[in-house]
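Chemist: Got a sequence here, can you model it:
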Amino acid sequence: MLPFVSLIIPTLNEEKYLEQTITSLLSNDYPDSKLEILIIDGLSKDNTLAIAQEFANKFTNIRLISNPKIYQSAALNIGIKESQGDFIIRADAHAIYDKNYITSTIHLLQKGVYENVGPVQISIGNTLIEKAIAKAMNSKIGMGNAKYRLDKRGVFEVKSVWLGAWKKETLIKINGFDENLPISEDFDLNYRLRKSGGKIAASNSIKAMYIVRKSLSGLFKQFYKYGFWKMKFLMNYPKEFQPRWMAPPVFVFSLLLSILLSQLISWVIFIPIFYLFLLFLTTLYFLITANSIKDFLSSAILFLIFPVIHIAWGIGFLIGFFYWNCKTIYQNI
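Modeler: Residues are numbered from 1 along each chain as shown. Coordinates of the predicted model:
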């Protein structure tokens, strides 16, 4: 017997994406009578509310709920509280979901081995810039060795996973999401879940595609925030440190040193030069293996995309280091 499922979508100014996201979820092969979709909106200022309300008026199993706290961590907690299902699936608006997404997710959860399961993240885009961003986010040089983005195995255990799905009782047991974290709330929850004895899995049979940012400025803001809040996460859980997270901040810091102190420590310049050389070689590989003119052109843009990702994350991480430590010292005075 199939369980009743609550699907939670946090939204904030998602007018460009929400319609295709909900349409893909409504096209799933899971019975409508066993599914509710909760759109939790954080006071959007664009056309998101109108789009969501139109779906809610048309489909009885879709509800639109306001999130006055704005952040997605708060939206997810509201969704947990309002949900009627025994199982909860998170579905972000920046994604398109395969027709058996819900069925595959519930099937894996019902095996009882894992307390949180999700898809391997595959990034996609339409324009040349978007395709270039997607290439970078689907590569190791762009995203490090994050298993939930790059691993090709069927089902495998991970520390954290994109999106996520749980039994409702699991989320209640660990007190849901930390609303002090507007970003990295998923890493925080997954850490607490693992510490309580739970296991997390990513699966290539659960298929969803992540829609990337549309511009370099949007990409920079996204990864700056990732770096900034990753430092906050590390301050909370220092044992979760992963060496790969240090590559962008080391690159940015050595670049600054080479500019400011070039006369005193001239050798430092070789660190960013070596780093940029690796990015160049990776871009060259994409250019050589391109199978069409459009593919070649989008690959050429990687000369910009890779540095933007790494510099933005590195700056965010370094600023986060000073900001969160200074804030902690001030609070302790």
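
Chemist: Which residue ranges of the stretch 1-150 of the chain form strands?
Modeler: For the stretch 1-150 of the chain, strands defined by DSSP state E, counting those that start in this stretch occupy the ranges 5-11, 35-41, 62-66, 87-90, 95-97, 116-119, 122-124.

Chemist: Out of those, flag the one nearest residue 260.
Modeler: With CB to CB as the measure, strand 122-124 is the member of the strands of the stretch 1-150 of the chain nearest residue 260 (35.2 Å). C-betas here are computed from N, CA, C, even on glycine.

Chemist: Would you agree residue 216 is in contact with residue 308?
Modeler: Yes: under the criterion of CB atoms under 8 Å, residue 216 makes contact with residue 308 at 5.6 Å.

Chemist: about what we covered before: out of the strands of the stretch 1-150 of the chain, flag the one nearest residue 297.
Modeler: strand 122-124 (16.8 Å).

Chemist: residues touching the residue nearest to residue 236 when sequence neighbours are not counted, list them.
Modeler: Leaving aside its chain neighbours, residue 236 sits nearest to residue 188 (7.0 Å; criterion: CB to CB, 6 or more residues apart in numbering). By CB atoms under 8 Å, 6 or more residues apart in numbering, residue 188 lies in contact with 177, 178, 181, 233, 236, 237.

Chemist: again, but for residue 11
Modeler: 18, 39, 40, 41, 42, 44, 48, 52, 75, 93 are the contacts of residue 11 under CB under 8 Å, 6+ apart.

Chemist: Check residue 44 too.
Modeler: With contact taken as CB under 8 Å, 6+ apart, residue 44 is in contact with 11, 12, 13, 14, 15.

Chemist: For stretch 216-234, give me every contacting residue.
Modeler: Against stretch 216-234 from outside (CB under 8 Å, 6+ apart): 129, 133, 181-184, 187-188, 212-213, 240-241, 245, 248-249, 304-305, 308-309, 311-321, 323-324.

Chemist: tell me which residues in it are buried?
Modeler: Buried positions in stretch 216-234, judged by neighbour count with 16 or more other CB atoms under 10 Å: 216, 219-220, 222-234.

Chemist: how about the nearest residue to the spatially most central residue of the chain, chain neighbours excluded?
Modeler: By CA atoms, centre = their mean, the mean C-alpha position of the chain lies nearest to residue 162, the distance being 5.9 Å. Residue nearest to residue 162 in three dimensions, not counting chain neighbours: residue 121, with 4.3 Å by CB to CB, 6+ apart.

Chemist: what do you get for residue 175?
Modeler: residue 192 (8.0 Å).

Chemist: I figured the one you found hits residue 173, correct?
Modeler: No: in terms of CB under 8 Å, residue 192 does not count as a neighbour of residue 173; the distance is 9.8 Å.

Chemist: still on that earlier bit, from the contacts of stretch 216-234, keep the buried residues only.
Modeler: Burial by neighbour count, 16+ other CB under 10 Å: within those this picks out 129, 133, 181-184, 187-188, 212-213, 240, 245, 248-249, 304-305, 308-309, 311-321, 324.

Chemist: Return the member of the buried residues of stretch 216-234 nearest to residue 101.
Modeler: residue 222 (23.6 Å).

Chemist: In which helix or strand does the closest one reside?
Modeler: Counting by DSSP states H and E, the element that carries residue 222 is helix 216-236.

Chemist: Following element in sequence after that helix, please.
Modeler: helix 247-260.

Chemist: so residue 166 bridges to which residues?
Modeler: Beta bridges link residue 166 to residue 88 when assigned by DSSP bridges.
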